[in-house]
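[1] Okay, here's the prediction I keep looking at, along with the sequence it came from:
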Amino acid sequence: MVSAARLFARQGARGTSIDEILSESGTGKSQFYHYFSDKDELIRCVHAMQIERMLALHSVIFEQLDSWEGFELLQDTVLHLLESQRFQNGCPIGSLASELAASDELVRIDTEQYFDRKKAAIVRGLTSMKLRGELRADTDVQGLADFVVTVLQGAKLMCKVRRSADSASASFRHMMAYLRSHRTALA
């Protein structure tokens, strides 16, 4: 699946043939069909693997999203990850979903649940900040969490398209400024 994931990131799931996957992974057709009934099943398995990988990668950060430093760590981590890929891969979940969500309902649902899990982590953090009096009482933490997820995904796409962190860095600065505009006078 790792070989398939690499190929999907480079040339898309639909643009990758089973033969290319077999060649890249050094496996035979019989082995492929022992584990997967068809390419669509492999795609869904790769997508699920990427979701679990990204959630595990960000789990420590998700636990720290109850502070301004936690949100800064999130943006720094995302930028570092994109830079380490030389801005070529973007978000592995978003990229596959963009390609397949209209034609594969399971991929769409899995992606929606992935974004919901990210949003839930952000909501927990913002709610903690609100309960400590760091955010105004009228702060819509659900709306802010949607905003953060959307900015993160958009920034990843822009990095992939522009092969640069410039627009992502600017987006993150504006995201943090908007989040901080909900601070209380005490925070």
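    Yep, it's here.

[2] Okay, now the unreliable bits of the chain?
    87-90, 187 (pLDDT under 70).

[3] Try it again at 90.
    1-2, 5-13, 53-61, 75, 77-104, 107, 152-170, 185-187 (pLDDT under 90).

[4] most centrally placed residue in it?
    Cys91 (5.2 Å; CA atoms, centre = their mean).

[5] ok, now how distant is the closest residue to it other than its chain neighbours from Ser3?
    Taking CB to CB, 6 or more residues apart in numbering, and ignoring the residues beside it in sequence, Cys91 has Lys156 as its nearest neighbour in space, at 4.2 Å. (Glycine included, C-beta is placed from N, CA and C.) Distance of Lys156 to Ser3, computed by CB to CB, to the nearest Å: 23 Å.

[6] So between those two, which is more surrounded?
    Lys156 (23 against 17; other CB atoms under 10 Å).

[7] Contact partners for the more buried one?
    Val78, Leu82, Gly90, Cys91, Gly94, Ala168 (CB atoms under 8 Å, 6 or more residues apart in numbering).

[8] In helices, which of the residues you listed appear?
    Applying DSSP state H to the contacts of Lys156, the entries found in helices are Val78, Leu82, Gly94, Ala168.

[9] what's the farthest-apart pair in these?
    Greatest spacing in those, by CB to CB: Gly94 and Ala168 (13.4 Å).

[10] If you count surrounding residues, which of those two has more?
    For the pair Gly94 and Ala168, the greater number of neighbours falls to Ala168 (25 against 21), based on other CB under 10 Å.

[11] tell me the contacts of the more buried one?
    Neighbouring residues of Ala168 by CB under 8 Å, 6+ apart: Val78, Leu79, Leu82, Ala155, Lys156, Met158, Cys159.
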